[in-house]
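1. What would the 3D arrangement of this be:
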Amino acid sequence: MSVAMGFTNCRNDDMEGIIYIFLYLISDFQLPWTIYQPALTNREINLNQIRMLRCQPEVIEQVTQCLPTIRLQAYYRKLITAEFEAEPEYDELLSCFADFRKFSQ
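-> Numbers count the residues shown, from 1 in each chain. This is a model prediction of the structure:
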């Protein structure tokens, strides 16, 4: 998210990207901002505008609500509010995915 806002990439951005990929795979290949694809194709909006949409509180809340477990939702909220220098909690994310795996069986 920091890159979308014009800042330098941080380690948490990679973790955020993993969550978006996970969400994309479990939600019929959709993310909240994919509804803007036709407007992007028609050049009514540009990619930078879509990147900024990802940073909007309502989109962040929409992503949070789409995540399948409360624990993963909490991890995502913590991740997007983490300080730039914060070290990602890699084991926590793996544990969240393990919970999802148990939940989905």
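2. So which helix or strand of the chain has the lowest pLDDT on average?
-> helix 47-53 (a mean of 77; mean pLDDT, DSSP states H and E).
3. C-alpha coordinates for stretch 34-42, PDB please?
-> Written as PDB, here are the backbone C-alpha positions of stretch 34-42 (Å, rounded to 0.1, in the frame of the first residue of the first chain):
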ATOM      1  CA  THR A  34     -11.400  -5.000 -10.200                       C
ATOM      2  CA  ILE A  35     -14.800  -3.400 -10.800                       C
ATOM      3  CA  TYR A  36     -12.900  -0.500 -12.300                       C
ATOM      4  CA  GLN A  37     -11.300  -2.600 -15.000                       C
ATOM      5  CA  PRO A  38     -13.800  -1.400 -17.800                       C
ATOM      6  CA  ALA A  39     -13.100   2.200 -16.900                       C
ATOM      7  CA  LEU A  40      -9.400   1.500 -17.000                       C
ATOM      8  CA  THR A  41      -9.700  -0.200 -20.400                       C
ATOM      9  CA  ASN A  42     -11.700   2.700 -21.700                       C
END
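4. Off-centre distance for that stretch?
-> Distance, stretch centre to chain centre, for stretch 34-42: 19 Å (Cα atoms, centre = their mean, to the nearest Å).
5. List the buried residues in the least confident helix or strand of the chain.
-> Using 16 or more other Cβ atoms under 10 Å as the test for burial, helix 47-53 gives 50, 52-53. The C-beta positions use only the backbone N, C-alpha and C, and glycine is treated the same way.
6. now stretch 24-38
-> Neighbour-count burial for stretch 24-38 [16+ other Cβ under 10 Å]: 31-33.
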